[in-house]
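K.L.:
Have a look; sequence and predicted model below, questions after that.
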Amino acid sequence: FALGDLRLSRSALQALYLLKGAQVAIILAALRALGAPGRWGGGASIGVATAAAICLTTAAAGVLTGDAATTPLLLVLLTFTTATVLPWSAREQLITVAAAMLATMVNVHLVSGLPAAPGYPAVAVLVAFVTSVVVTRVIERHRRDQARVEDGLRDTQARLRRSERQLRGLLGSMQNGVVAWDMERRPLFANAAFERLTGYGLVDLRKRGPTGHVHPGNLAPLQEILDGASRGQQFSDIEFRILTKDGRVRWCSSSWSPLLDEEGRQIGIQTVAADTTARRQAEQQLDRFFELSADLLLVAGPDTRARRLNPAWERTFGYDRSEIIGKPYWHFIHPDDRPQAARELGRLRAGEPSIGFEARYRCKDGAYRRLLWSATYDHDEQLLYGAAHDITEREDAREGLRRSEQRWRALVENLQDVISVVDRHGRLVYSSPSVQRLIGRTAEEVERDTTAHAVHPEDAAHLRRVLGGLLETPGSTAVEYRLRHTDGSWRVVEATAKTLLTEDGGIDGIVFNTRDITERKRAEVELQQARDQALEASRLKSEFLANMSHEIRTPMNGVIGMVDLLRETELSTEQREYAEIARSSAHALLALLSDILDLSKIEAGKLEIEAVPFRLRDTVSEALKPLTLQAQQKGLELAYHVAGTVPHRVVGDPGRLRQIIVNLVGNAIKFTERGEVVVRIGLDGQTGLHCTVSDTGIGIPREKHVLIFDAFTQADGSTTRAYGGTGLGLAICTRLVALMGGRIWVESDVGQGATFHFTLRIPPDLADHAGDAPTARA
C-alpha cells in the first residue's frame with residue numbers, strides 16, 4: 001500500500017490516509033476477536049474484518065488503476081466466492097456479502113475522479129489475490145479451530161449421553177422410586193422402582209399428576225408440600241400413604257426438592273420415595289406390644305424425664321400418662337430408694353446395663369408399689385430405655401409367706417401330732433418337738449439317731465414299702481404302725497404321708513403327719529365289743545318281740561272270736577256297747593302287734609319283698625274298701641285316681657303296697673275332720689310309680705316333716721292323746737318304701753292339710769298294656 005501511495009498526489013494521499021488508518025485498526029481488532037468464533041460476537045467480527053479488508057483492497061485498486069468499476073467488481077466476486085466456501089451458517093454469509101457490497105460502493109464513490117496509474121492493473125489484481133489468499137488462510141485456520149471445537153462438543157455430547165445412560169441405569173437399579181416433574185407438574189422421568197412401588201408408569205403419571213396415587217387421608221398435607229417444593233423449598237422424611245394401582249395401601253417415606261438446570265435455575269421438582277410399609281407394620285406391631293404389655297415400659301431422656309410410657313403405668317399407679325411424662329424420675333421414687341437409684345443411673349450412663357434393680361414408687365393415692373427394673377442407656381440417641389415388672393404382690397406374698405411360715409412353724413411346734421420330713425434318700429431331716437411326747441426323745445435326738453424311735457419289727461417292712469413307693473411315684477397314703485417309747489411300751493400311730501415335690505415336679509422327699517392313736521385303738525376295741533353286745537341285744541329283742549307277738553296274737557284272736565260270738569247273743573244296749581269297746585280294743589291291740597312284728601322283721605332283715613304280677617287298680621281299690629266306712633262315718637269323701645298312662649298290671653309286692661296305702665290313708669282319715677282324702681297314682685320314669693295321699697286335715701309343722709318318719713314319733717305329743725296311735729305306721733311305710741326302691745316325703749303346713757308322696761320301683765308287666773282308667777270313688 002505504501003508503494004502504491006508514492007504515485008498518488010498529496011491531496012489524494014491525504015484523502016485516503018484517515019480511511020486507511022481506520023481500516024487497519026478495524027482489521028487488527030477484528031482479527032483479535034476471532035479467538036472465540038463460536039459466539040455471536042465472533043461471527044460478527046469475522047464479517048466486519050472481511051468488509052474492512054475488501055474496503056481497503058478496493059480503495060487501493062481504484063487509486064492504482066483509476067478504474068472504479070471493473071476491478072471492484074472482480075473483488076466483489078472474489079468476496080462472494082470466499083463467503084460461500086466459509087463453514088458458517090447462512091446468517092454469517094449474508095452479513096459478509098452485505099458488508100462487502102456496502103464497502104465496495106463506498107470505495108467506488110471515494111476513488112471516483114482520481115487519475116489512474118497506468119500500467120498497474122496487474123498489481124491491483126495481485127493485491128486482490130494476495131488479500132484473498134490471506135483472508136482464506138485466516139478463514140481456514142478459523143475453520144480448523146471450529147472443527148476442533150465441534151469435535152470437542154461431540155465428545156462432550158457423547159460423554160453426556162454416556163453419563164445420562166449411566167444415570168438412567170443407576171436410577172433404574174435404585175430400590176427407591178425417583179420421579180421428576182417440570183414446573184407445569186408434568187412428569188419428566190420415573191424409574192422402575194417407582195413403578196414397582198405404585199404400579200404406575202410414566203404414561204399413567206401424565207394422566208394422574210403428582211398426587212393421583214396419594215391416599216385421600218394424606219392428600220391435603222402433601223399438596224402443601226408440593227406447593228412448597230414448587231417455590232424452591234426442600235422437604236425430607238415425609239411419611240404418607242399411597243394407593244397402588246391394584247388397590248393396596250402402602251406407606252412411603254419421601255423427600256421433595258427443586259430440580260435445577262446447569263445455571264442453577266429451577267426447572268421442576270424431583271421426588272425420591274422409599275417403601276416403608278414393612279417398617280411401618282413392624283413399628284405398628286411393636287407399638288401394639290408396647291401398648292398391650294403388662295409390664296411397665298419407659299423411654300426417658302438423659303435428665304430422667306419420661307418421654308413415652310405404655311398404659312401399664314396408668315393401670316399400676318393411677319396417674320394419667322400426661323401427669324408422668326415430662327416429670328423427673330425422682331418425683332415418684334420413695335425417698336429411701338433414691339440413693340440406690342442414683343447409683344444405678346450412674347452405672348447406666350457409664351455404659352453398664354441395669355438388671356434386677358428394685359425400687360418403690362408413689363401411686364396417685366399415696367401408696368407405694370415396688371418395681372423390678374431392667375434398663376439400658378443409648379448414648380447415640382441420648383435416651384434411657386427401661387422395662388419394669390410390678391412385684392408388689394409378689395413381695396407382699398413373700399412377706400406373707402414368711403409370716404405364714406413363722407405362724408405355721410409355731411403351730412407345728414405346738415401341735416400334738418408329730419410333723420416329720422424325710423428327704424429323697426429316706427433320711428429323717430426334721431421332726432417337730434411333739435415327738436418327745438410320743439416316744440420320750442427330743443427332736444434333736446431323733447434327727448441324730450433314727451433308730452431312737454425304732455418301728456415295731458412286724459411293721460418295719462410295710463413302712464419301708466410305703467416309703468419306697470412314695471419316693472418313686474408321687475402321691476399320698478395313710479399307714480398305721482407301732483413305735484417304741486423310752487419306757488418300753490409300744491405306741492400305735494397313724495401317719496399320713498405325702499410326697500414333697502420340687503418346682504419342676506421332681507420328688508424332694510416325704511412329709512409325715514403322725515398321730516398317737518393308742519387310746520383311740522383301745523377305745524375302738526371297746527366300742528366294737530359294745531357294738532357287738534348291742535347288736536346281740538337288738539337281735540334278742542327282735543326275736544323276743546317276734547315271739548311275743550306270735551304268742552299274744554293267738555289268745556287275742558280267741559278273745560276277738562269270743563267277743564264276736566257274744567255280740568250275736570241277746571244283749572242289752574249297755575252290754576252291746578261294752579262288747580263293741582272290747583272288740584275295738586282287741587283289734588287295735590292286734591294291729592299294734594302286727595306293726596311291732598313288721599318292724600322287728602325289717603330291723604332284723606328278715607322281711608322279704610315279693611315280685612309278682614298283680615292288677616294295680618284292683619289292689620288300690622281293695623286297700624281302700626275297709627277304710628270307706630271310717631270315711632263315711634266322719635262325713636269325708638274318699639277318692640282315688642290312677643292315671644291312664646299307668647299299666648294295668650305291674651310286677652311287685654301287692655301286699656306291702658296295700659299296707660302302705662292303708663297306713664297313709666288311715667292316718668289321713670284320722671287327722672281330717674271335714675273335707676276329703678284323695679289318692680293319686682301316676683308314673684315316675686319308665687319303671688316307677690309316684691303316689692300321693694292328700695287330705696284337708698290339721699296339717700304338719702315344717703320342722704316336723706322329717707321327724708314324723710322315725711319310729712314311735714308323732715308331730716305333737718298331744719296328737720297321741722287326741723287321735724291315738726303309736727307312731728309306728730310312718731316308720732314302717734318309710735322302711736317298706738326304701739325296700740321297694742323308692743322314697744317318701746311330705747308337703748304340709750299347719751291348718752292346710754298334708755300331701756304324702758312316695759315313689760316305688762315297680763316295673764310294668766310286659767304281658768300287659770296300659771289303658772285309661774277313670775277316677776274311682778270309695
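P.N.:
The structure has been received and is ready for your questions. Numbering: from 1, shown residues only.
K.L.:
Could you report the separation of residue 489 from residue 438?
P.N.:
11 Å (CB to CB, to the nearest Å). The way it works is simple: take the backbone N, C-alpha and C, and place the C-beta from them, glycine included.
K.L.:
now residue 177
P.N.:
Separation of residue 177 from residue 438 (CB to CB): 89 Å.
K.L.:
and the most centrally placed residue in the chain, what pLDDT?
P.N.:
Taking CA atoms, centre = their mean, the centroid of the chain lies closest to residue 292, which sits 8.5 Å from it. Here the pLDDT value assigned to residue 292 is 80.
K.L.:
Residue 769 too?
P.N.:
For residue 769, the model assigns a pLDDT of 52.
K.L.:
Next: residue 632.
P.N.:
Note for residue 632: predicted pLDDT of 90.
K.L.:
Contacts for the helix or strand that contains it next, please.
P.N.:
According to DSSP states H and E, residue 632 maps onto helix 616-633. Residues outside helix 616-633 that contact it (CB atoms under 8 Å, 6 or more residues apart in numbering) are 637-638, 640, 642, 646-650, 654, 657-658, 661-662, 665-666, 669, 677, 679, 681, 689, 773, 776, 778.
K.L.:
Next secondary structure element downstream of that helix?
P.N.:
Next helix or strand after helix 616-633 toward the C-terminus (DSSP H and E): strand 637-642.
K.L.:
Listing partners with orientation, what would you give for that following strand?
P.N.:
Strand 637-642 sits in its sheet next to strand 676-683 (parallel), strand 776-777 (antiparallel), going by DSSP bridges.
K.L.:
Including mean neighbour count, mean pLDDT and distance to residue 192, could those go into JSON lines?
P.N.:
Output for the strands paired with strand 637-642, formatted as JSON lines (neighbours: other CB atoms under 10 Å; pLDDT from 0 to 100; distance: least, CB to CB, whole Å):
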{"stretch": "strand 676-683", "mean neighbour count": "20", "mean pLDDT": "94", "distance to residue 192": "87"}
{"stretch": "strand 776-777", "mean neighbour count": "14", "mean pLDDT": "46", "distance to residue 192": "103"}
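K.L.:
More neighbours: residue 489 and residue 438, which one.
P.N.:
In this view residue 489 and residue 438 are compared by other CB atoms under 10 Å, and residue 438 has more residues nearby, 22 against 12.
K.L.:
Output the helix or strand where that one lies in CSV with nothing but the alpha carbons.
P.N.:
Here residue 438 sits within helix 435-439, counting by DSSP H and E. What follows is helix 435-439, C-alpha atoms only, in CSV (Å, rounded to 0.1, in the frame of the first residue of the first chain):
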residue,chain,number,x,y,z
VAL,A,435,-42.1,-86.2,119.1
GLN,A,436,-40.9,-86.1,122.7
ARG,A,437,-44.4,-86.6,123.9
LEU,A,438,-44.9,-89.5,121.6
ILE,A,439,-41.7,-91.6,122.2
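K.L.:
what's the next secondary structure element after that helix?
P.N.:
On the C-terminal side of helix 435-439, the closest following helix or strand by DSSP H and E is helix 443-448.
K.L.:
Buried residues in stretch 262-276, which are they?
P.N.:
Within stretch 262-276, the residues that count as buried by 16 or more other CB atoms under 10 Å are 268, 269, 270, 271, 272, 273, 274, 275, 276.
K.L.:
Can I get that stretch in CSV, CA atoms only?
P.N.:
Taking only C-alpha atoms (Å, rounded to 0.1, in the frame of the first residue of the first chain), the coordinates of stretch 262-276 have been written out as CSV:
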residue,chain,number,x,y,z
GLU,A,262,-26.8,-26.1,34.9
GLU,A,263,-27.2,-22.4,35.7
GLY,A,264,-29.0,-23.1,39.0
ARG,A,265,-32.4,-22.1,37.8
GLN,A,266,-35.4,-24.2,39.0
ILE,A,267,-36.9,-26.2,36.1
GLY,A,268,-39.0,-28.6,38.1
ILE,A,269,-39.4,-30.8,41.2
GLN,A,270,-37.8,-34.1,42.0
THR,A,271,-39.1,-36.7,44.4
VAL,A,272,-37.5,-39.7,46.0
ALA,A,273,-39.8,-42.2,47.7
ALA,A,274,-38.9,-45.4,49.7
ASP,A,275,-41.4,-48.2,50.6
THR,A,276,-41.7,-48.2,54.4
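K.L.:
circling back to that earlier point, quick check: the gap between the residue nearest to the centre of the chain and residue 729.
P.N.:
On the measure of CB to CB, residue 292 and residue 729 end up 72 Å apart.
K.L.:
ok, now residue 680?
P.N.:
Distance from residue 680 to residue 729, by CB to CB: 20 Å.
K.L.:
Equivalent analysis for residue 324, please.
P.N.:
In terms of CB to CB, residue 324 sits 81 Å off from residue 729.
K.L.:
repeat for residue 504
P.N.:
In terms of CB to CB, residue 504 sits 66 Å off from residue 729.
K.L.:
Tell me which of those two has more neighbours.
P.N.:
Ranked by neighbour count (other CB under 10 Å), residue 504 and residue 729 place residue 729 first, with 22 against 5.
K.L.:
can you pull the contacts of the more buried one?
P.N.:
Residue 729 neighbours (CB under 8 Å, 6+ apart): 595, 663, 664, 666, 667.
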